[in-house]
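Participant: what follows is a predicted protein model with its sequence.
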Amino acid sequence: MTTYFDTVSKSYADVPKSDAGIDTVAFLEATEGLISMFDLLGSSAFAVVQKDMLGNVAKIRTRLLAAPDQAATLEALVEGEKGEKKRDATQGLLWLTRGLKFTQVALKRSQADKAEELSVSFTQAYEVSLKKFHSFVIRPVFALAMKACPYRKDFYAKLGNDQDVVEVELAKWLEALEAIIAQIEAFYEKGNYGKGL
């Protein structure tokens, strides 16, 4: 039986990480797979989330194509922009990481508590991940999106028929994503790369 995770080109579990950093191309492939998952939520309210994340992917990809020798890893990409006036990829990665954390926290909550509906999982994830970075103008947009979440059982059914396989694959995916997010956040904090963005 096929699951959603079989349809994406790259899993976060397959994104190479080394002392040099996180592979940029593989990370972008895995992230595009996550962004397409919002289609399964079946709500146009999440279109703003998808659009934002895709815009941030585009910023990173633009830098990758413009300076491939300085962008093999996400860390090298950010380092390569360090002295520039405009740091679009650095800003894009920062905001993309925040969006990924929101999604990862929501899905991890949902997986941990099978009685909790997605609207609660996503609302609670928003509270601890993105809300502090959003203005009072943006917060209602996200509040609307959270209320538009499908029922948990319907979403999980779209992930695959065999729920045991879905649970295993989702757990691997989320664990790898959580490690990637932690590595990026630590890198930004250590180098103070988010300052002024």
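Facilitator: Right, received. Where do you want to start? Residues are numbered from 1 along each chain as shown.
Participant: longest helix in the chain, by residue count?
Facilitator: Secondary structure of the chain per DSSP state H: the longest helix is helix 163-191.
Participant: packing partners of it?
Facilitator: helix 4-7, strand 17-18, strand 21-22, helix 24-37, helix 74-81, helix 88-112, helix 152-159 (3 or more C-beta pairs under 8 Å, 6 or more residues apart in numbering; DSSP states H and E). Yep, even glycine has a C-beta here, placed from its N, CA and C like the rest.
Participant: among the ones you listed, which is nearest residue 137?
Facilitator: helix 88-112 (16.1 Å; C-beta to C-beta).
Participant: next, the angle helix 163-191 makes with that closest one.
Facilitator: 140 degrees (axes from the mean of the first three to the mean of the last three C-alpha atoms, to 10 degrees).
Participant: now whichever helix or strand comes after helix 88-112: buried residues?
Facilitator: Tracing the chain past helix 88-112, the next element assigned as helix or strand by DSSP states H and E is helix 118-129. By 16 or more other C-beta atoms under 10 Å, the buried positions in helix 118-129 come out as 118-126, 129.
Participant: any stretches of this structure with poor pLDDT?
Facilitator: For the chain, the stretches with pLDDT under 70 are 1, 43-45, 196-197.
Participant: give me the most central residue, it.
Facilitator: Centroid check for the chain by C-alpha atoms, centre = their mean gives residue 100 as the closest residue, at 2.2 Å.
Participant: contact partners for the closest residue in space to residue 183 that isn't next to it in sequence?
Facilitator: With C-beta to C-beta, 6 or more residues apart in numbering as the criterion, residue 183 has its nearest non-adjacent residue at 6.3 Å, and that residue is residue 22. For residue 22, the contact set (C-beta atoms under 8 Å, 6 or more residues apart in numbering) comprises 15-16, 73-75, 180, 183-184.
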